[in-house]
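**Student:** need a 3D model of the following:
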Amino acid sequence: MDTTHRQTSPEETRERILAAAREVYVRNNGRHGTTTREIAQLAGVNEVTLFRHFGSKERLLAEMVGRCTVKDELGSVIHDTGDLRADLIRIGLALARAMERVEDIIRVHLTETTVGGADVFEGPRRGHQAIVDFMQRQADLGRIAGDPRRLTRTFSGMIFAHVMGKRFWEDDGPITESDVARYTDIFLKGTQIHG
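**Tutor:** Predicted structure coming up:
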């Protein structure tokens with residue numbers, strides 16, 4: 001049932017299946033409406049090929065969801081340069097871009113709690129923790145005041161609301177550095193320690 005004429009590598013086939021799984025998962029609003037038959041058909045493979053690569057629908061969906069984490073993208077930008085505002089803008093912009101990349105999955109996750117036995121919020125929690133650790137370092141250095149978890153929730157919450165509220169506000173464009181700078185300034189106004 002493979003529809004391609006050229007020979008594809010196992011990695012290419014796997015990637016096609018994962019891309020198809022994401023599309024079907026989002027279109028059908030989660031795991032319950034998602035079938036391996038529909039995924040295989042969209043990927044241009046038969047179900048046997050799908051199961052050979054992933055073993056089960058649950059493992060396929062867990063891997064697809066696992067790829068939608070923001071932690072890896074944040075890991076390379078979360079560091080202290082000594083310029084807290086610039087650091088937060090850089091982190092906030094990376095967070096926003098990562099959210100925009102997986103906005104479709106986030107929307108479905110708001111109604112799901114597990115996929116294939118995996119907690120769908122595990123990846124976002126790891127990204128959140130990386131920002132909490134950054135906020136903790138800034139608090140320890142006396143640059144900001146407050147509980148690092150609540151600081152992270154406040155900062156990332158503004159960005160989350162912007163990204164996820166675009167449809168509500170009829171704003172289709174991507175978040176800009178200027179947007180993130182505005183949120184950063186609001187955040188810093190309420191959290192910086194003044195002498």
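**Student:** state the mean pLDDT of stretch 75-83.
**Tutor:** In this model, stretch 75-83 carries a mean pLDDT of 85.
**Student:** and what of stretch 48-60?
**Tutor:** 91.
**Student:** okay, buried residues for that stretch please.
**Tutor:** Along stretch 48-60, these residues count as buried under the neighbour rule (16 or more other Cβ atoms under 10 Å): 49-50, 53-54, 57, 59-60. No exception for glycine: its C-beta is placed from N, CA and C like everyone else's.
**Student:** put the alpha carbons of it into PDB.
**Tutor:** The C-alpha trace of stretch 48-60 is given here as PDB (Å, rounded to 0.1, in the frame of the first residue of the first chain):
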ATOM      1  CA  VAL A  48       1.600  -3.200   9.500                       C
ATOM      2  CA  THR A  49       4.400  -0.700   8.700                       C
ATOM      3  CA  LEU A  50       3.100   1.700  11.300                       C
ATOM      4  CA  PHE A  51       3.000  -1.000  14.000                       C
ATOM      5  CA  ARG A  52       6.500  -2.300  12.900                       C
ATOM      6  CA  HIS A  53       7.900   1.200  13.600                       C
ATOM      7  CA  PHE A  54       5.900   2.000  16.800                       C
ATOM      8  CA  GLY A  55       4.400  -1.100  18.200                       C
ATOM      9  CA  SER A  56       1.100   0.500  19.100                       C
ATOM     10  CA  LYS A  57      -1.100   3.600  18.600                       C
ATOM     11  CA  GLU A  58      -0.200   4.700  22.200                       C
ATOM     12  CA  ARG A  59       3.500   4.500  21.600                       C
ATOM     13  CA  LEU A  60       3.200   6.400  18.300                       C
END
